[in-house]
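Visitor: when you get a sec, could you give me coordinates for this:
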Amino acid sequence: MAAKLFLWTTRMLTLLLAVVSVLPMIPVGQWWIQLWEFPRLQLTWALALPLGLLAVHAYWDRPRKEHAAWLAVILATGAWQLSHILPFTPLWSTEVPTAEVQPDGDRKALKLLTANVTYTNDHYAELLAMVQREDPDLLLLIEVDRAWAERLKPLNQQYAYRVGEVRSEGLGIVLWSRFPLLEREIKHLVSERRPSIFATLDVPDIGPVRFIGTHPVPPGLAGQIAGDDETTDRRDSRVRDAELMLIASHVQKDPDNRWIVTGDFNDVAWSDTTRLFADLSDLKDPRRGRRLLSSYPADRPLLRYPIDHLFVSDGFHLIDLDRVKVPGSDHFAVTATLAVARKDDKKPEASAEEEEQAGKMIEEGAEDAAEHGVSSSQ
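Guide: Down below sits the predicted model:
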């Protein structure tokens with residue numbers, strides 16, 4: 001009886017883990033499907049359970065063909081998960097080259113810090129101390145509401161330039177910069193509730209650097225009708241995907257400049273959407289070939305995955321990349337020190353299929369936003 005229970009438990013667990021591993025391949029935006037894209041690292045570790053049960057049953061009941069078949073399924077599922085994760089380890093080649101050490105130490109560089117502060121958090125003084133300690137040239141803070149904006153006023157003395165939109169409900173986003181802003185604009189790409197920052201920085205000895213800070217809506221979030229307190233069904237991934245495709249398209253149209261795109265994407269680094277974003281924009285992920293840099297949830301180490309992102313164009317090399325504890329927040333901050341490098345001036349070369357897929361995502365995102373009464377006029 002115990003042997004049969006072990007075998008049936010192994011069958012069900014293996015089948016379940018195999019199904020949820022490939023579920024995000026279905027090209028739909030339903031949140032309950034796309035959320036399985038996030039815990040690939042955790043699902044990989046979970047395969048140890050049916051593998052152990054299978055080994056115990058084979059020991060009890062002697063190995064047979066069914067054991068080999070289920071072992072093959074477990075190994076194939078694990079290989080599929082690892083194919084998403086391994087590019088973010090030292091086993092892979094890097095996308096953003098490591099900056100060479102200059103003999104005189106005189107390297108043109110800038111430091112960036114991106115952090116979702118969590119709007120319900122009230123560790124204002126501790127966050128200011130963290131910023132003072134890290135001393136970035138560019139500081140992007142997400143979920144800045146009125147209380148946070150008031151307590152962050154000391155930053156205006158440290159940074160001469162500022163652009164952003166302060167909003168409640170975790171929708172605010174603000175950039176502080178030591179560099180002059182040649183251009184600054186707040187855009188609501190798909191949803192009028194979701195601002196993104198578009199700016200051009202005048203960086204000394206480097207020249208203009210185009211910057212985008214963004215915070216798309218997470219799949220699975222309970223939605224609200226604009227101007228109403230009524231909670232509707234949970235949001236799918238279509239608006240998020242559309243926002244990322246619109247940003248990629250914006251970068252794609254101006255490949256001659258250096259670009260930095262950062263923020264809480266509410267999407268993992270290995271997802272099809274993020275990979276399509278990188279292909280369309282020709283932006284590079286400095287985590288590739290280095291480390292996963294999982295950033296959320298900060299207080300649950302075993303459940304973390306990488307949703308806070310930094311992408312850069314060619315023309316930048318990496319000096320340092322790290323994550324920093326944000327007091328009271330459920331996100332880690334991402335910090336990067338970038339050195340200026342020669343641009344290769346290569347144009348983005350997305351395939352016609354990728355362009356078509358991105359266009360479809362933008363249309364579906366606009367439809368979703370209209371259905372929920374939050375469509376943007378832009």
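
Visitor: only C-alpha atoms from now on, for both contacts and neighbour counts.
Guide: Noted.

Visitor: ok, residue 217 to residue 190 distance?
Guide: Separation of residue 217 from residue 190 (Cα to Cα, to the nearest Å): 10 Å.

Visitor: residues shared between the contacts of those two?
Guide: Here residue 217 and residue 190 share the contacting residues residue 239, scored by Cα atoms under 8 Å, 6 or more residues apart in numbering.

Visitor: so for those two, which sits in the more crowded spot?
Guide: Ranked by neighbour count (other Cα atoms under 10 Å), residue 217 and residue 190 place residue 190 first, with 30 against 24.

Visitor: okay, the spatially most central residue of the chain: pLDDT?
Guide: When Cα atoms, centre = their mean is applied to the chain, the residue found nearest the centroid is residue 307 (3.2 Å). Per-residue confidence at residue 307 stands at 97 (pLDDT).

Visitor: ok, residue 223 next?
Guide: Residue 223 is assigned 59 on the pLDDT scale.

Visitor: so residue 222 touches residue 234, yeah?
Guide: Yes - at 4.2 Å, residue 222 counts as touching residue 234 under the criterion of Cα atoms under 8 Å.

Visitor: settle it for me: which of those two has more neighbours?
Guide: Set side by side, residue 222 and residue 234 show more neighbours around residue 234, with 16 against 12, by other Cα under 10 Å.

Visitor: let me see the contact set for the nearest residue to residue 26 once chain neighbours are set aside.
Guide: Once flanking residues are discounted, residue 26 sits nearest to residue 33: 7.9 Å by Cα to Cα, 6 or more residues apart in numbering. Neighbouring residues of residue 33 by Cα under 8 Å, 6+ apart: 23-24, 26.

Visitor: most neighbours out of those residues, which is it?
Guide: Neighbours here mean other Cα under 10 Å. Within the contacts of residue 33, the largest count is held by residue 24, at 21 neighbours.

Visitor: from residue 265, how far out is that one?
Guide: 17 Å.

Visitor: go on, residue 362?
Guide: Using Cα to Cα, residue 362 is found at 16 Å from residue 265.

Visitor: can you pull out the helices in the stretch 51-200 of the chain?
Guide: 65-85, 124-134, 146-151, 155-158 (DSSP state H, counting those that start in this stretch).

Visitor: save these as CSV, and put in distance to residue 302 and mean pLDDT too.
Guide: Putting the helices of the stretch 51-200 of the chain into CSV (distance: least, Cα to Cα, whole Å; pLDDT from 0 to 100) gives the following:
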stretch, distance to residue 302, mean pLDDT
helix 65-85, 15, 96
helix 124-134, 24, 98
helix 146-151, 29, 97
helix 155-158, 34, 95
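
Visitor: show me where the chain has strands.
Guide: Listed in chain order, the strands of the chain (DSSP state E) span 109-116, 138-142, 161-165, 173-177, 181-187, 196-203, 207-214, 222-224, 231-234, 258-264, 308-312, 316-325, 332-340.

Visitor: domain map for this structure?
Guide: Domain assignment for the chain by automatic domain parsing gives 2-88, 109-371.

Visitor: so which of those is the most packed in?
Guide: Of all the domains of the chain, domain 109-371 has the most neighbours on average by mean count of other Cα atoms under 10 Å, namely a mean of 19.

Visitor: hmm, back to that, so for residue 290, which of the strands of the chain sits nearest?
Guide: Minimum separation from residue 290 across those (Cα to Cα) falls at strand 316-325, 9.1 Å.

Visitor: got the contact list for that closest one?
Guide: Contacts to strand 316-325, defined as Cα under 8 Å, 6+ apart, come from residues 96-99, 258, 286-287, 293, 295, 298, 331-343.

Visitor: hmm, try it at 6 Å
Guide: The contact list for strand 316-325 (Cα atoms under 6 Å, 6 or more residues apart in numbering) reads 96-99, 332-341.

Visitor: now, the most widely separated pair of the residues you listed?
Guide: By the measure Cα to Cα, 332 and 341 form the most distant pair in those, at 27.9 Å.

Visitor: what bits of this protein have low per-residue confidence?
Guide: Applying pLDDT under 70 to the chain flags the ranges 1, 102-107, 223-233, 345, 347-348, 377-378.

Visitor: ok, now with 50
Guide: The model of the chain has pLDDT under 50 over residues 224-231.

Visitor: now for residue 127: which residues touch it?
Guide: Residues near residue 127 by Cα under 6 Å, 6+ apart: residue 327.
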